[in-house]
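Enquirer: After the sequence you'll find the predicted model.
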Amino acid sequence: IFYECAPTNEHGRGSRNHSQRLSTVCMGTSSVPLPPAHVDFISSVTNPFVKHLVKLRTSRGYREENGSMLLCGEVVLREALGDPESLLQVRALLLAESAPEPHPLEILHPERVIRVSEAVLKKVGGVENASSLMAAAEVVLPRLRVETLTPQQLGGRILALDGVRDPGNLGTLIRTALAFGWTSVVLLPSCCDPFNDKAVRAARGGSFKIPIFAVSWEMLYSVLTRASVPLYAAGVSGTSAESVLQRGEEEE
């Protein structure tokens, strides 16, 4: 199924098949090393690792370059990683100094658990008040771009998006696709990053539970036509659904 969303001026249950989900996981290993093993507490916002995490939150290019991303908040972490089938690798789990010990999120088996000050959590999360922010994590970035695409990877019900530049709208569409049991989401070049902080929050964990692919128009069209997949498009300047249905009844 093809869904076309008109470009905006705003800023910028799925398949459980194991092999499909593997195609979206593990983009690579971050080029930035974790803090030394003896470091179990960070209090300074000028710490190099803290600066690294801030850039992961704010820069798409930096996320892709390092192959990792930042998730902030216990709710977001549980939504993204709480599924027993989650294949995401947690590089570092940051916990507030006042968080319980051991912390329930440690069942995510992070490579490192590091306690941090409230100032660090505020800096990393980009929030004014860290009282409700008790955890954050650096995780391996799921793979989006593929050299080739097959109908088997896409599954039977595909949500293809074009020109969705608002992260909140994109996250909501991903969450909706998952809820309706669609099998994959395809992002065309004009879409924003699905792993933007706002998109991840809006997707409510959906970004990590349904295969997402970023491909060109040409690749998507070639795959769908070769597989004889019917295309349905929706656009703000198109013919109304009522008119299409009425025309079909008249032709019958």
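Expert: Good, I have the coordinates.
Enquirer: what's the neighbour count on residue 178?
Expert: Per other CB atoms under 10 Å, the neighbour tally for residue 178 reads 23. Heads up, the C-betas are built off the backbone N, CA and C, glycines and all.
Enquirer: again with the one 10 residues further on
Expert: By the other CB under 10 Å criterion, the neighbourhood of residue 188 contains 17 residues.
Enquirer: Over to residue 88?
Expert: Residue neighbour count, defined by other CB under 10 Å, stands at 19 for residue 88.
Enquirer: shouldn't it be in contact with residue 138?
Expert: No: using CB atoms under 8 Å, residue 88 makes no contact with residue 138, being 10.8 Å away.
Enquirer: Residue 202: which element?
Expert: Using DSSP states H and E, residue 202 falls within helix 197-203.
Enquirer: Quick one: list the elements packing against the helix or strand following that helix.
Expert: Downstream of helix 197-203, the first helix or strand assigned by DSSP H and E is strand 212-214. Applying 3 or more CB pairs under 8 Å, 6 or more residues apart in numbering; DSSP states H and E, one finds that strand 212-214 contacts strand 184-187.
Enquirer: before we move on, the earlier item: shared neighbours of residue 88 and residue 138, anything?
Expert: Common neighbours of residue 88 and residue 138 (criterion: CB atoms under 8 Å, 6 or more residues apart in numbering): none identified.
Enquirer: Sketch out the low-pLDDT regions of the stretch 101-250 of the chain for me.
Expert: Low-confidence segments of the stretch 101-250 of the chain, defined by pLDDT under 70, span residues 147, 241-242, 244-250.
Enquirer: quick one: the helices in it?
Expert: Using DSSP state H, counting those that start in this stretch, the helices assigned to the stretch 101-250 of the chain run over residues 118-125, 151-154, 167-179, 197-203, 217-226, 241-251.
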